[in-house]
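Visitor: quick one, structure for this:
(chains A and B, ligands or ions: 1)
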Amino acid sequence: MLITCPYCGPRDVIEFTYQGDGNRERPQPASQDLDAWNAYVYDRLNPAGDHNEIWQHSGGCRTHLRMVRNTVTHEISSTGFARGDHNAAARHKAGGKS
Amino acid sequence: MAERQSPERQLPERLSPLEPVFHTGSHGNFEHGVDVILTETRPGSILQLAAWPGAEKQLIEAIRKVTGLALPDGAGGGVAKDGKAVFGFAPGKFTVVDEAEGLASAFAKVVTPAIGTITDLSHGRTAIRIAGPKAEWVLAKFFAIDFALPAFPIGAGRSTTHHDVFAQIQRSGADQFDVYVFRSFARSFWKALCHASEEVGYEVQ
Ligand SMILES: [Zn+2]
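Guide: Numbers count the residues shown, from 1 in each chain, chains lettered A, B, ... in the order given. All right, here's what the predicted structure looks like:
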């Protein structure tokens, strides 16, 4: 399986680390809303299909990435920097396999 | 012990981590010619520079000012000439190398805290050069990246790993690559590189 890092280009999946569900929204650190914290820690959409995910190119440029991965086919339909202001550094189109 | 102290500052002798396994001469299957040459380039300075968000252009300008090297546009772009080298290895981050020592103090005057950070890795990395018509072939055994010239142009840099150990690679010529590895892993990487080069015939210089 290849993942196209927007900085480095297509790389083997072994260079990447899954950093979790990209749909979660972290409550403010001071929040005492237990339902919000419970949802952040435990609630997952667990879809059979496209899924927003956070990955890190830990064996390459080490930047954190947003990806949409299909949990059934493993097709990656988009990749981008988790930090939006990195986008000027991108050279590879999202989701490209080569 | 006072009598052993020299009045002049003694320059320390530079040691190589490869020394016990560094054997100059031709090795492996070289009867039909040597297809790769392996060397340790031993630069005096290896730095990592990182720009704060939005200060990337200022950092690139600082690199030009200190080294005279103009970074080409684009991710992983770089240039190597006149004993100096620079390449991008991550967004806003660059490796800068100089044959001479003292590059960190030269940058300290120009890369202000508002622009970014300087990390001196001169003692933390070992630079290994592989050159020759089979350099791409040998490196492709280690790293799952495209070494072909159109995909990996001269001067460009790449961050990748070999068995989970980081390596930064710069193409410093059409058939020449400089590999920067952790100094503590340099000896094992060198031995592996020698083994991988045996089939094509290699010379250590
Ligand atoms: Zn990357």
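
Visitor: quick one: residue B:107 and residue B:64 touch, right?
Guide: No - using CB atoms under 8 Å, residue B:107 makes no contact with residue B:64, being 11.9 Å away. Any C-beta I mention is one placed from the backbone N, CA and C, and that applies to glycine too.

Visitor: those two: which is more packed in?
Guide: residue B:107 (22 against 13; other CB atoms under 10 Å in any protein chain shown).

Visitor: quick one: the helices in the chain?
Guide: Since you didn't name a chain, this refers to chain A. A:34-42 (DSSP state H).

Visitor: wrong one, chain B
Guide: Using DSSP H, helices in chain B cover B:56-67, B:103-108, B:135-140, B:183-197.

Visitor: residue B:173 is nearest to which of these?
Guide: Closest to residue B:173 of the helices of chain B, according to CB to CB: helix B:135-140, at 8.9 Å.

Visitor: domains in chain B, by residue range?
Guide: Listed domain ranges for chain B are B:19-42+B:123-204, B:45-120 (source: automatic domain parsing).

Visitor: ok, the first one near the ion or not?
Guide: No - applying CB under 5 Å from the ion, one finds domain B:19-42+B:123-204 separated from the ion by no less than 6.8 Å.

Visitor: coming back round to it: who wins for proximity to residue A:6 among the domains of chain B?
Guide: domain B:45-120 (7.8 Å).

Visitor: quick one: low-confidence residue ranges for chain B.
Guide: B:1-9 (pLDDT under 70).

Visitor: longest strand of it?
Guide: strand B:165-173 (DSSP state E).

Visitor: can you name the residues in contact with it?
Guide: A:59, B:78, B:80, B:85, B:87, B:89, B:95, B:129, B:131, B:139, B:142-143, B:145, B:152-161, B:177-182, B:185, B:189 (CB atoms under 8 Å, 6 or more residues apart in numbering or on different chains).

Visitor: now, which of those lie within strands?
Guide: Short answer: the contacts of strand B:165-173 in strands (DSSP E) are B:78, B:80, B:85, B:87, B:89, B:95, B:129, B:131, B:157-161, B:177-182.

Visitor: just the buried ones among the residues you listed, please.
Guide: With neighbours counted using 16 or more other CB atoms under 10 Å in any protein chain shown, the ones in strands among the contacts of strand B:165-173 contain these buried positions: B:78, B:80, B:85, B:87, B:89, B:95, B:129, B:131, B:157-161, B:177-181.
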